[in-house]
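*Asks:* Predicted structure and sequence below. I'll ask about it afterward.
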Amino acid sequence: MLYPQLNEKRLKISLDGIWSFLLGGEELDEQCLREPLKNPERLYVPASFNDQKADKRFYEHYGWAYYQKRFSLPIEAGKRTVLRFGAVAHSCIVYLNGKELIRHRGGFLPFEVEIQNDIKPVDNLLCVAVDNRINYSTLPVGNETNHAMFSSSLPDFESVKKTVLKNKNYPNFDFFNYCGINRSVCIYTTDESYIQDITVCADISGRVRVDAKTSCGERAKIDILSGDEILASGFAGEDLYVESPVLWEIGKPFLYTARVRLENDCYYQKFAFREVKTQGDSFLINGKPFYFKGFGKHEDSETHGRGIDEALNVKDISLMKWINANSFRTSHYPYSEEMLNLCDEEGIAVIAEAPAVGLNDKSYDKTFEYHKQVLADMINRDKNHPCIVMWSLANEPDSVSEKAYDYFMPLYELAHKCDPQSRPVTTVVCNNDYVKDRVAAAMDVICINRYYGWYIFPGDLDAAKQAMNEEMKHFESFKKPLMITEYGADAVSGIHSAASTMFSEEFQLEYYKAMNEVLDKYPFVVGEQAWNFADFQTVQGTMRVDGNKKGIFTRDRRPKLAAHYFKNRWEGIPDFNYKR
């Protein structure tokens, strides 16, 4: 699916802004999709609904919620008119002027529907019903008991047995279940004969092939541009050549543009010449061993929740460059297209992750077909981004389960099949019986999350180093590249301790020094991504104080002590050929 574009052939109109809103119940109220809402609230779109009101009902809502927007639109005969949502979490139903247009499942990828036969010149009523409930069949996975990750099971007391709990979401993941219309809503137009999809494959020799799917079956005209200069021309499906191309490098990005044209349609697709692959225990970008320095991250901020905030995206990339990072993982779901576009322009490496977090024996049978669909849709959306250097199938599944290998290997093969560049594929694992793991070593890159010194041997960094060293010896035998995609310790900003005790900024700093002392010993370790870039919100529970405090930055992006440590460490570690 092409990102909506305003150009000489296409019109794009934003529907972002203040919408009418109403919290619903557990049963769908179709009247809220056919008629104006009665006594609605006012909410901003795009943004999660949870934090926009000083009202606990919004924060804890379980079930349906309703959005409405009135708009007028000039209608041009012969034009295809498309309504597009960037992401709505987690499932939704869309009506226009009393007619159902589309139903969509999944909260992190775009969907669209043609509306030229359903719109009026004035006073259109757009209605969206959103369901935020999670369970064993959703991605991410929710628990179907009264128990969330990092919360205690209820005791078997008589008083507890007789207590009636209201229905609520119990995430099997450690981040807040922010929901609503989280990304932009727009209307765009094309000619009736239009460009449906574009796939660009370019290698470091200068060869480039642009495949373009069109509604009419006509072959599109292709121009390869650098700025305003036309470097090569031809037709879709042909091999074109650019002499001595400038390669896209980490920190030194260079983008070209493929101009794809039909008689009455045009699209400008940015791309790059670069190569990504693994070789032995190295991860190669343009033939050079690359070392990942960066973070796991979340789309998470005050007020917006998981809603897109492009100013914050700019700030985050600026902080990554300040700290000398070169990469991040889209933990634990596909990020906005706007963020990936920014990473293309800024030369940041991205591990793109499917929204499959919390998978276990109870969910494997219920999520597999849906997981395949979401994975294929994610790769189709993001296939042309040079910033994406690896696909992650899931985060922290039960990879010791007897079901795990048969579940993940078809997904691994599907990812390679769907990706025209066949980038490396991984599954990020976090189980501490690593000898019995059935998935990690079957991937192109072994990616592990480890918390020795925090959840295991809490506060004992000597024991943590011993345990990490033993695990590295185990994985060294596979002769594959390995990176640590999560490791960290909670540090509450402003808490200091001369003895470097847990939850202090000093302990977080000492923790990373200890772990990196081990990682630096092993040449097959190709990267370190601290958990987390910034503090983020989670479900309420005794394990979390106003969210997860493992950020190197606070939630409002202020550096902790560990940020200055990593800034100095990563300045001394080159992006390429480290440990070689």
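*Replies:* Thanks, I have it. All of these numbers come straight from a predicted model, not from anything done at the bench.
*Asks:* Can you list the residue ranges for helices in the stretch 201-350 of the chain?
*Replies:* 310-322, 337-346 (DSSP state H, counting those that start in this stretch).
*Asks:* From the chain's centroid, how far away is the last one?
*Replies:* The chain centroid and the centroid of helix 337-346 are separated by 12 Å under C-alpha atoms, centre = their mean, to the nearest Å.
*Asks:* Over to the first one?
*Replies:* Mean-position distance between helix 310-322 and its chain equals 16 Å (C-alpha atoms, centre = their mean).
*Asks:* quick one: buried residues of that helix?
*Replies:* 312-313, 316-317, 319-320 (16 or more other C-beta atoms under 10 Å). All C-beta spots, glycine's among them, are computed from the backbone N, C-alpha and C.
*Asks:* could I get those as JSON lines with pLDDT?
*Replies:* JSON lines is the format used below for the buried residues of helix 310-322 (pLDDT from 0 to 100):
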{"residue": "Leu312", "pLDDT": "98"}
{"residue": "Asn313", "pLDDT": "98"}
{"residue": "Asp316", "pLDDT": "98"}
{"residue": "Ile317", "pLDDT": "98"}
{"residue": "Leu319", "pLDDT": "98"}
{"residue": "Met320", "pLDDT": "98"}
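*Asks:* Save the residues you listed as JSON lines, and put in distance to Lys417 too.
*Replies:* Listed next are the buried residues of helix 310-322 as JSON lines, based on distance: C-beta to C-beta, whole Å:
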{"residue": "Leu312", "distance to Lys417": "35"}
{"residue": "Asn313", "distance to Lys417": "31"}
{"residue": "Asp316", "distance to Lys417": "32"}
{"residue": "Ile317", "distance to Lys417": "31"}
{"residue": "Leu319", "distance to Lys417": "36"}
{"residue": "Met320", "distance to Lys417": "32"}
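*Asks:* Now do the same contact list for Glu338.
*Replies:* 308, 310, 313 (C-beta atoms under 8 Å, 6 or more residues apart in numbering).
*Asks:* same deal with Ser91?
*Replies:* Going by C-beta under 8 Å, 6+ apart, the list of residues near Ser91 reads 103-107, 130-131.
*Asks:* The same query, at a cut-off of 6 Å, please.
*Replies:* 105, 131 (C-beta atoms under 6 Å, 6 or more residues apart in numbering).
*Asks:* Could you tell me how far it is located from Lys366?
*Replies:* Ser91 is 15 Å from Lys366, where distance means C-beta to C-beta, to the nearest Å.
*Asks:* Just the CA atoms from stretch 263-280 would do, formatted as PDB, please.
*Replies:* Output of stretch 263-280 as PDB, limited to C-alpha atoms (Å, rounded to 0.1, in the frame of the first residue of the first chain):
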ATOM      1  CA  GLU A 263      -0.800   9.200 -18.400                       C
ATOM      2  CA  ASN A 264      -3.000  10.500 -15.600                       C
ATOM      3  CA  ASP A 265      -1.100   9.400 -12.500                       C
ATOM      4  CA  CYS A 266       2.300   9.900 -10.900                       C
ATOM      5  CA  TYR A 267       4.100   8.700  -7.800                       C
ATOM      6  CA  TYR A 268       7.500   9.600  -6.400                       C
ATOM      7  CA  GLN A 269       9.100   6.700  -4.600                       C
ATOM      8  CA  LYS A 270      12.300   7.300  -2.700                       C
ATOM      9  CA  PHE A 271      14.900   4.500  -2.500                       C
ATOM     10  CA  ALA A 272      18.600   3.800  -2.000                       C
ATOM     11  CA  PHE A 273      21.400   1.700  -3.200                       C
ATOM     12  CA  ARG A 274      22.600  -0.400  -0.300                       C
ATOM     13  CA  GLU A 275      23.000  -4.100   0.500                       C
ATOM     14  CA  VAL A 276      22.200  -5.900   3.800                       C
ATOM     15  CA  LYS A 277      23.100  -9.500   4.600                       C
ATOM     16  CA  THR A 278      24.800 -11.800   7.100                       C
ATOM     17  CA  GLN A 279      28.000 -13.700   6.500                       C
ATOM     18  CA  GLY A 280      29.300 -16.100   9.100                       C
END
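*Asks:* could you give me the average pLDDT of it?
*Replies:* Averaged across stretch 263-280, pLDDT comes to 98.
*Asks:* next one: stretch 85-96
*Replies:* 98.
*Asks:* how far does it stretch from start to finish?
*Replies:* 14 Å (C-alpha to C-alpha, to the nearest Å).
*Asks:* all helices for the stretch 351-500 of the chain, in order.
*Replies:* Using DSSP H, counting those that start in this stretch, helices in the stretch 351-500 of the chain cover 364-382, 404-418, 461-476.
*Asks:* worst-scoring helix or strand of the protein, pLDDT-wise?
*Replies:* Scoring the helices and strands of the chain by mean pLDDT, DSSP states H and E places helix 158-161 at the bottom, with a mean of 81.
*Asks:* Dig out what the residue nearest to Leu240 when sequence neighbours are not counted forms beta bridges with.
*Replies:* Distances taken as C-beta to C-beta, 6 or more residues apart in numbering put Ala232 closest to Leu240, at 4.1 Å, once the chain neighbours are dropped. Taking DSSP bridges as the rule, Ala232 bridges to Ile224.
*Asks:* one step back: next one: the least confident helix or strand of the chain to chain centre, how far?
*Replies:* Worked out by C-alpha atoms, centre = their mean, helix 158-161 lies 41 Å from the chain centre.
*Asks:* Many thanks, we can stop here.
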